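Engineer: below are the sequence and a predicted model; questions follow.
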Amino acid sequence: MSLQNDLLLRAANGLKTERTPVWLMRQAGRILPEYRQVRASVKDFKALVKSPELATEVTIQPVDILKVDAAIIFSDILVVPEAMGLSYEMEENKGPVFPNKITSPADLATVHVAEAGELQYVLDAIALTKRELNGRVPLIGFAGAPWTIFSYMIEGRGSKTFSAAKKVLYADPTFAHKLLDMITETTIKYLQAQVKAGADLIQIFDSWAGILSPVQYEEFSLPYITRICDAITDVPKTVFAKGAFFARVQMNKLNCHVVGLDWNMDVAESRALMPTKVLQGNLDPCALYGSTQDVKRETIKMLEAFGPHKHIANLGHGLYPDTTVDNVRCFIDTIQEYRFSH
Ligand SMILES: Cc1c2[nH]c(c1CCC(=O)O)Cc1[nH]c(c(CCC(=O)O)c1C)Cc1[nH]c(c(CCC(=O)O)c1C)Cc1[nH]c(c(C)c1CCC(=O)O)C2
């Protein structure tokens, strides 16, 4: 079915667009009262993720309410370790916790390369969302990068340093590569199935890229992202590696269309290091804490830094839950109304 608003896909393919498209990482979530209402009607976060009907409803909320140029399927990167055999709990105000984790090579026997059918609830949510969107905007599918998923599987919860995960890279790289390989195989099957179910673009989130050294990133993350990008065909791909400013030259060589920038990465420098890529980002989510005047000024600064083409506007990381809806609207409206004078 052809899309009524295909700005995101045209921009991702490097084509000129009449204006810059915009969506926000974590746009479906706690900032919307409408989300909180649906969330309060179920036992927990996982119940929402596992219900295709409710996941569809909250995926479409930001399209209706905020008028973003794309929807992103409501799910979590942690559904992949769960399908592999390591289930998680989302603890209120604490984040994800894994009752079991992988602490030694022997624990590898407790996980398996998952088939896409083990994540059928996400595939059903994608198919249903596509139907309900009825061609209004593209739908983004996603998965975590193997390194980021590995970090949660070893650590068992979020961490400031992920030192247990990093320890494995130094102490037993063979073990690390074995688990990274299993995650990669699972992720490829999962993302291929997301495309088959209707995802129009795929984003890979490497949220913990920035805690590795350049040499480690080259050994333990980039080869696996490369494998995933090479295996996903037919749709544009975005790689967002938070904090990986040091890997921009290598990222320019990835088989992906778009690279996501966080706010630590200078735009002109990123253009010079990644001339073949469309860039996505990169306003600091904290810029949305100011007055609407502040939001407007910072958003225009961002637009001018990227210029009119090869840019998908977004934040430099996920929206913080205490951001006001008015300021998010101001960010989106400023982008959608802006016309470049050059
Ligand atoms: C690291 C990571 C996770 N999940 C995700 C990442 C990568 C992106 C990033 O770096 O932020 C990705 C993610 N998680 C969620 C989405 C949905 C789509 C969207 O972007 O709107 C996406 C794309 C829903 C969610 N995932 C989570 C919520 C909040 C839980 C709730 O509503 O109860 C939502 C809406 C929970 C979650 N999930 C995760 C954590 C650490 C937490 C707790 C902290 C937090 O709340 O931000 C793991």
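Structural biologist: Structure received.
Engineer: show me where the stretch 151-300 of the chain has helices.
Structural biologist: Using DSSP state H, counting those that start in this stretch, the helices found in the stretch 151-300 of the chain span residues 163-171, 173-197, 214-220, 222-231, 248-251, 267-273, 292-306.
Engineer: export these as a markdown table, with columns for distance to Ile72 and mean neighbour count.
Structural biologist: Backbone N, C-alpha and C define where each C-beta goes, glycine included. As requested, those are arranged in a markdown table below (distance: least, Cβ to Cβ, whole Å; neighbours: other Cβ atoms under 10 Å):
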| stretch | distance to Ile72 | mean neighbour count |
| --- | --- | --- |
| helix 163-171 | 26 | 16 |
| helix 173-197 | 11 | 20 |
| helix 214-220 | 25 | 16 |
| helix 222-231 | 18 | 20 |
| helix 248-251 | 21 | 17 |
| helix 267-273 | 22 | 15 |
| helix 292-306 | 20 | 17 |
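Engineer: with mean pLDDT and distance to Ala70 added, can I get the ones you listed in JSON lines?
Structural biologist: Listed next are the helices of the stretch 151-300 of the chain as JSON lines, based on pLDDT from 0 to 100; distance: least, Cβ to Cβ, whole Å:
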{"stretch": "helix 163-171", "mean pLDDT": "98", "distance to Ala70": "31"}
{"stretch": "helix 173-197", "mean pLDDT": "98", "distance to Ala70": "14"}
{"stretch": "helix 214-220", "mean pLDDT": "98", "distance to Ala70": "28"}
{"stretch": "helix 222-231", "mean pLDDT": "98", "distance to Ala70": "20"}
{"stretch": "helix 248-251", "mean pLDDT": "98", "distance to Ala70": "22"}
{"stretch": "helix 267-273", "mean pLDDT": "98", "distance to Ala70": "21"}
{"stretch": "helix 292-306", "mean pLDDT": "98", "distance to Ala70": "17"}
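Engineer: any idea how far the residue nearest the centre of the chain lies from Glu269?
Structural biologist: The chain has Phe205 as the residue nearest its centroid, 4.3 Å off, counting by Cα atoms, centre = their mean. Separation of Phe205 from Glu269 (Cβ to Cβ, to the nearest Å): 22 Å.
Engineer: how about the residues of the stretch 1-150 of the chain that lie near the ligand?
Structural biologist: 25-30, 39, 45, 72, 74, 76-78, 90, 95-96, 142 (Cβ under 6 Å from any ligand atom).
Engineer: filter those residues to the buried ones?
Structural biologist: For those, a burial check counting by 16 or more other Cβ atoms under 10 Å picks out 25-29, 39, 45, 72, 74, 76-78, 90, 96, 142.
Engineer: now intersect those with the helices, please.
Structural biologist: Assignment to helices by DSSP state H places the following of those there: 39, 45.
Engineer: so who does Glu18 touch?
Structural biologist: Leu7 (Cβ atoms under 8 Å, 6 or more residues apart in numbering).
Engineer: phi, psi of the residue of the stretch 151-300 of the chain found nearest the ligand?
Structural biologist: Nearest residue of the stretch 151-300 of the chain to the ligand (Cβ to the nearest ligand atom) works out as Ser207 at 3.2 Å. Torsion angles at Ser207 (phi, psi; degrees, to the nearest 10) stand at phi -70, psi -30.
Engineer: wait, it sits on Val239?
Structural biologist: No. Using Cβ atoms under 8 Å, Ser207 is not in contact with Val239; the gap is 12.0 Å.
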